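*Asks:* below is the structure, and that's it, no one-letter string:
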C-alpha cells in the first residue's frame, strides 16, 4: 500500500487494513517457520505497511487533539 492510497482511506478502513496486515504478517511468519515461504521480502513489505498505517492513524489522532 502506498502512502497516498492510505491517506485517502477513512480511519475505519485503515483499522481494517491494519488488522489484515497483522494477520498476513502472522501467516508469513508461520510459513517461514514451516519453510513454505518463497518470498521472504514480503515480510518486510508488510511490516512497512503496518508502520505506515499506524503513522497515519496517529497523525490524524494528534490533529484531532490539536483542534480541540
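*Replies:* Yes, it's here. As the structure is a computational prediction, the values presented were derived from the model and not from experiment.
*Asks:* helices or strands next to the lowest-mean-pLDDT helix or strand in the chain in the packing?
*Replies:* The helix or strand of the chain with the lowest confidence, counting by mean pLDDT, DSSP states H and E, is helix 3-8 at a mean of 92. Judged by 3 or more Cβ pairs under 8 Å, 6 or more residues apart in numbering; DSSP states H and E, the packing partners of helix 3-8 are helix 41-67. The C-beta positions use only the backbone N, C-alpha and C, and glycine is treated the same way.
*Asks:* next one: the helix it packs on to chain centre, how far?
*Replies:* Helix 41-67 sits 7 Å away from the centroid of its parent chain (Cα atoms, centre = their mean, to the nearest Å).
*Asks:* buried set for that helix?
*Replies:* 43, 46, 49, 50, 52, 53, 56 (16 or more other Cβ atoms under 10 Å).
*Asks:* where's the last one relative to residue 14, distance?
*Replies:* According to Cβ to Cβ, to the nearest Å, residue 56 and residue 14 sit 6 Å apart.
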